[in-house]
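**Student:** turn this into a structure:
(3 chains)
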Amino acid sequence: MVEQVAQMIVHGEAWTIKDLFVLPNEYVYWSIQIVMYPYMTGLVAGAFVLSSLYHVFNVEKLKAIARYALVFSFALLPVAMMPLMLHLMQPLRGIHVLMTPHFTSAISAFGIVFMAYACIVAAEIWFVYRKFIVESIHRLEQKSNRSGLEKILLPIYKVISLGAMDLSSEALESDHKAVKFLAGLGIPVACFLHGYAGFIFGSVKANALWMTPLMPVIFICSAIVSGIALCILSYYIFMEMRKWAAKRGKNWLLPDALAQGGTAIPVEQLRSIQDHEVKMTSKYLLIFMTLAITLEVLDMIFRGYTAVKSWDALRMVIYEHDFMKIFVYQYGLGNFLPFLMLLLPGLTTRRAVIASILVLFGVFMMRWNVVIGGQAFSLTFAGFMEYHLPIIPHDIETFKEGLGGALSVIVTPFIIFYFLNMIFPAFMSDDEAH
Amino acid sequence: MKRRDFLKSTAVIVAGASVSLSALEFVDPKELLAANPQLRWGFLVDTHKCVGCGFCVKACKTENDIPFEANVTRTWVERYVIKTDGEVVMDCPKGARDGFTTKLLDQGASGNRLIPENEIAQAFFVPKLCNHCSTPACVQVCPVGATYQTADGTVLVDRTWCIGCGYCIMGCPYGVRFFHPVEHVADKCTFCYHRISKGGNTACAQACPFGARQIGNLKDPNDPVAQALMNQRVGVLRDEYGTKPNVYYIGLNKEVR
Amino acid sequence: MKNHVWRPLFVVIGVVIAILLFRAVYVPSDFGAQDRGYTFGYHRLSNEQEWKDYPGKYKGSDYCRECHDDKVEEVSSSQHEMIPCENCHGAAFDHPDDPEKLVIDRSRGLCIRCHTKLTMPSSGRNDIPGIDPTKHNVGEMCSECHNPHSPSLEDM
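**Tutor:** Residues are numbered from 1 along each chain as shown, chains lettered A, B, ... in the order given. Purely as a prediction, here's the structure:
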């Protein structure tokens, strides 16, 4: 009996503070990991859409960042699943979503859409890098004294080449067509992947804040916004690191150079590519931001204007409990300020990067305000729940659903990208790839 | 006071209670009998009879192995105090597992609140449990088929299949679901399926000294619950969600959430 | 198009087949859409029986009467007749085999569930004789003065 009490955890009790009249079973069941989940899938979808702008619509100016965005989107992909696994009470049973999908549930689509999307991105990368893979195999095979890393890379390349060694111009041309097709196919799938993440919330009729058909559209727009912003930011950071590393010859900071045994692009060239790409991408960021903000504001106005039964409780949450989070952090710092920064003439790389950071923060706050804000009021509309993010974990649950879990979700894509960049160099010079 | 007297005085209260008629949901008897003579479990709560002793909550927790100390429960009792100025104050300390033993109303982080006696216009208790809805929102949103409805209308959770995503908890408009503190899967009232399917009574209804809770077969015209639904004015909770709940309330007030 | 273009697709088809094969082994054979259709009745059928077999704890007052008919008789003349035996004596489980003896709840907490005086007009609670547990013989057990089976002091 004592043992039973020791392992007894009421999920949600550790971080929920109830006020006034809240039903006994009500807690903030969906906490930080469910904030992270749409945020991460949003980044995946956004990064992919950015890469597709070049591949499908031939936006030549985005060429360099498009390849990077594609590989980074692939690195983000497994991470979109991570928050869900950390959130599940029975993570080992996560496979059930694929085994017995119940398609009347929005979550059940996750398994299948996610898999389909992963296949599309993987195939697209395969076609983009096939020439490079085959060339690498030839290069490494000819080399007599292979380094330790090269010894690992050669069999990897051999496996992922799938035996397709044909580098004739016809073969490369069909690669090119395949990329275009997959990138085109990927856009609706990416939008679906993220749109249904919005649908997960929008279809909960029990939740007055979530239930709106606009939710999937809002989620897609903010996804593209945050994905582009993250690409700008991370592209900038990686380029800065590369410039720094190229100057000093620190190869361990240039995993692709490390893997290829060659040197990177000269610093001056790096800088011009970086400035150009960041500024160009910022324009697309601005377009999607306009769309996202419009929809969010529309949703807010509509709720206030129609003012159904739940509005009294929602108003309390929006204008009182979460005022800072919604109007100052999300709309003010996260939307309005970066919007102005990007709009003002004479955009510099640094300003675009700072705006991107603010946009990322704003979209994160939007996810937070939707997920946590949606649970801030009781089903009775007569009580409120406050969420306190567990910062110092005292058991596995407060780690998983706390700051630690959230940070590991943020860090993982960069670790994956580091290794992925050895196999698929994302910063390859222009003439080598599509 | 004998039981008969108690019931009689309750009847007087029933007659005298100023219940807002517009808030009541009328049940069509024809609809009730349409699919005769099969089995469809339903539940009837008489809010006039409930005294807030919380024996139902205690019995439920024992019967279904929900740790007594855990702040989650399959059934609970709410107290409503309606003031003369119209303000409604509610509480439900620990799901009323120990009953209501103080005049102070538990207002969570806002502390306790005492309503002066002369400001109380009405006060009553409302027991709550899973509504075993005819179109359960919680079942619809389960991504893996771990929660489901049986032919007789009971909504159950397969503890070996639940992944613990919490979507059903979010999908329920009544807040009856929670994560089991020991099993770590979604949990909810089963109408004591193991008892009723052997001809028994639910633990909560059996523990109620006042007969405020009753389970019955809604498709049997001779069943006391089905008869009460036919002959009395009963209401259901939150029908605006379209879940078609099957827990009916006598003496439901519009203030009840 | 060159035939190498289809190779990723073959890999994908292979993965799908592998998942379907694993599924055939992993998912219980009785899993499927049952009586309530796919939307509300998609589940593992044998789970219904598992819930039916869940061990019960409360046996009901009739079960108590089988051996303790004298006690049931004793309480039947008092107002407490309406209270099921197990509310105070605890759930029977498999008594008298397991547990051999039930632990009776004699705490004040049990009695004041009903007998705390609350102002509850329009509720049955108003008609129950009540006390203020913070003032009424604090620290004493109720059963020291009141016989739970015949609680009225006038009757004693």
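**Student:** for the closest residue to A:V308 other than its chain neighbours, give me its contacts.
**Tutor:** Excluding the flanking residues, the one nearest A:V308 by CB to CB, 6 or more residues apart in numbering or on different chains is A:A208, at 8.0 Å. For glycine as for every other residue, the C-beta is placed from the backbone atoms N, C-alpha and C. Applying CB atoms under 8 Å, 6 or more residues apart in numbering or on different chains to A:A208 gives the contacts A:V308, A:S310, A:A313, A:L314, A:F377, A:F381.
**Student:** wait, the third one sits on A:L379?
**Tutor:** What it means is A:A313. No - using CB atoms under 8 Å, A:A313 is not in contact with A:L379, being 9.7 Å away.
**Student:** tell me who's in contact with the nearest residue to A:G46 once chain neighbours are set aside.
**Tutor:** Nearest non-adjacent residue to A:G46, counting by CB to CB, 6+ apart: A:G227, 1.2 Å away. Shown in contact with A:G227 (CB under 8 Å, 6+ apart): A:G42, A:L43, A:V44, A:A45, A:G46, A:A47, A:F48, A:V49, A:L50, A:A69, A:S73.
**Student:** what are the phi and psi values for A:G227?
**Tutor:** A:G227 adopts backbone torsions of phi -60, psi -40, taken as degrees, to the nearest 10.
**Student:** what's the separation between it and A:Y235?
**Tutor:** 12 Å (CB to CB, to the nearest Å).
**Student:** what's the answer for A:A80, then?
**Tutor:** 20 Å.
**Student:** which strand or helix spans A:A352?
**Tutor:** helix A:349-371 (DSSP states H and E).
**Student:** so for whatever helix or strand comes next after that helix, mean pLDDT?
**Tutor:** As assigned by DSSP H and E, the chain's next helix or strand after helix A:349-371 is strand A:383-387. Strand A:383-387 comes out with an average pLDDT of 93.
**Student:** which non-adjacent residue is nearest whichever residue of chain B sits closest to chain A?
**Tutor:** Ranked by CB to the nearest CB, the top residue of chain B for proximity to chain A is B:G164, at 2.5 Å. Nearest residue to B:G164, sequence neighbours excluded (CB to CB, 6+ apart): A:M89, at 2.5 Å.
**Student:** that's a helix at that neighbour, yeah?
**Tutor:** No - assignment of A:M89 by DSSP: H, G, I helix; E, B strand; the rest coil gives coil, placing it outside any helix.
**Student:** show me where the stretch 1-150 of chain A has strands.
**Tutor:** A:16-20 (DSSP state E, counting those that start in this stretch).
**Student:** typo on my end, it should be chain C
**Tutor:** C:31-33, C:42-44 (DSSP state E).
**Student:** out of the ones you listed, which gets nearest to A:L270?
**Tutor:** strand C:42-44 (55.1 Å; CB to CB).
**Student:** pLDDT averaged over stretch A:98-117 - what is it?
**Tutor:** According to the model, stretch A:98-117 has a mean pLDDT of 88.
**Student:** can I get it as CSV, trimmed to CA atoms?
**Tutor:** Extracted C-alpha coordinates of stretch A:98-117, given in CSV (Å, rounded to 0.1, in the frame of the first residue of the first chain):
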residue,chain,number,x,y,z
LEU,A,98,-0.1,3.1,-36.6
MET,A,99,-1.4,-0.3,-35.5
THR,A,100,-5.1,0.5,-34.9
PRO,A,101,-5.7,4.0,-36.2
HIS,A,102,-9.1,5.4,-35.3
PHE,A,103,-9.6,7.9,-38.1
THR,A,104,-12.4,9.8,-36.4
SER,A,105,-9.6,11.2,-34.2
ALA,A,106,-7.4,13.9,-35.5
ILE,A,107,-4.4,12.4,-33.7
SER,A,108,-4.7,9.1,-35.6
ALA,A,109,-3.8,10.9,-38.8
PHE,A,110,-0.5,11.7,-37.3
GLY,A,111,1.0,8.3,-37.8
ILE,A,112,0.1,8.1,-41.4
VAL,A,113,0.5,11.7,-42.5
PHE,A,114,3.8,11.9,-40.6
MET,A,115,5.2,8.8,-42.2
ALA,A,116,4.0,9.9,-45.7
TYR,A,117,5.6,13.3,-45.2
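**Student:** what pLDDT does the residue nearest to A:G46 get?
**Tutor:** With respect to pLDDT, A:G227 has a value of 87.
**Student:** again with A:Y196
**Tutor:** 83.
**Student:** list the contacts for it?
**Tutor:** A:A106, A:A109, A:F110, A:V113, A:P216 are the contacts of A:Y196 under CB under 8 Å, 6+ apart.
**Student:** export stretch C:45-56 as CSV, just CAs?
**Tutor:** Taking C-alpha atoms only, stretch C:45-56 is exported to CSV below (Å, rounded to 0.1, in the frame of the first residue of the first chain):
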residue,chain,number,x,y,z
LEU,C,45,-13.8,-7.0,-27.9
SER,C,46,-12.4,-9.1,-25.1
ASN,C,47,-11.9,-6.0,-23.0
GLU,C,48,-15.6,-5.9,-22.4
GLN,C,49,-15.4,-9.2,-20.6
GLU,C,50,-12.3,-8.0,-18.7
TRP,C,51,-14.4,-5.1,-17.3
LYS,C,52,-17.2,-7.5,-16.4
ASP,C,53,-14.7,-9.6,-14.5
TYR,C,54,-13.4,-6.7,-12.5
PRO,C,55,-13.4,-7.7,-8.8
GLY,C,56,-16.2,-6.1,-6.8
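**Student:** and it, does that touch chain A?
**Tutor:** No - using CB under 8 Å from any CB of the partner chain, we find that stretch C:45-56 stays clear of chain A, coming within 12.4 Å at best.
**Student:** can you tell me what sits against that stretch?
**Tutor:** By CB under 8 Å, 6+ apart, stretch C:45-56 touches B:63-64, B:148, B:150, B:156, B:158, B:160-161, B:190, B:192-195, B:197-198, B:200, B:203, C:28, C:30-32, C:34.
**Student:** so how far is C:A91 from the closest residue to C:V72 other than its chain neighbours?
**Tutor:** Take C:V72 and drop its neighbours on the chain: the residue closest to it by CB to CB, 6+ apart is C:R65, 4.7 Å away. Taking CB to CB as the measure, C:R65 falls 16 Å from C:A91.
**Student:** with A:F399 instead?
**Tutor:** Applying CB to CB to A:F399 and C:A91 gives a distance of 38 Å.
**Student:** out of the two, which sits in the more crowded spot?
**Tutor:** Between A:F399 and C:A91, counted using other CB atoms under 10 Å in any protein chain shown, C:A91 has the larger neighbour count: 19 against 16.
**Student:** could you say which helix or strand contains A:I224?
**Tutor:** helix A:214-248.
**Student:** buried ones in that helix, by neighbour count?
**Tutor:** A:215-236, A:238-239, A:242-243, A:245-246 (16 or more other CB atoms under 10 Å in any protein chain shown).
**Student:** now it against helix A:349-371, angle please.
**Tutor:** 140 degrees (axes from the mean of the first three to the mean of the last three CA atoms, to 10 degrees).
**Student:** show me where pLDDT drops low in the chain?
**Tutor:** Because you didn't say which chain, this covers chain A. A:1-7, A:258-265, A:429-434 (pLDDT under 70).
**Student:** nope, chain B
**Tutor:** B:1-37.
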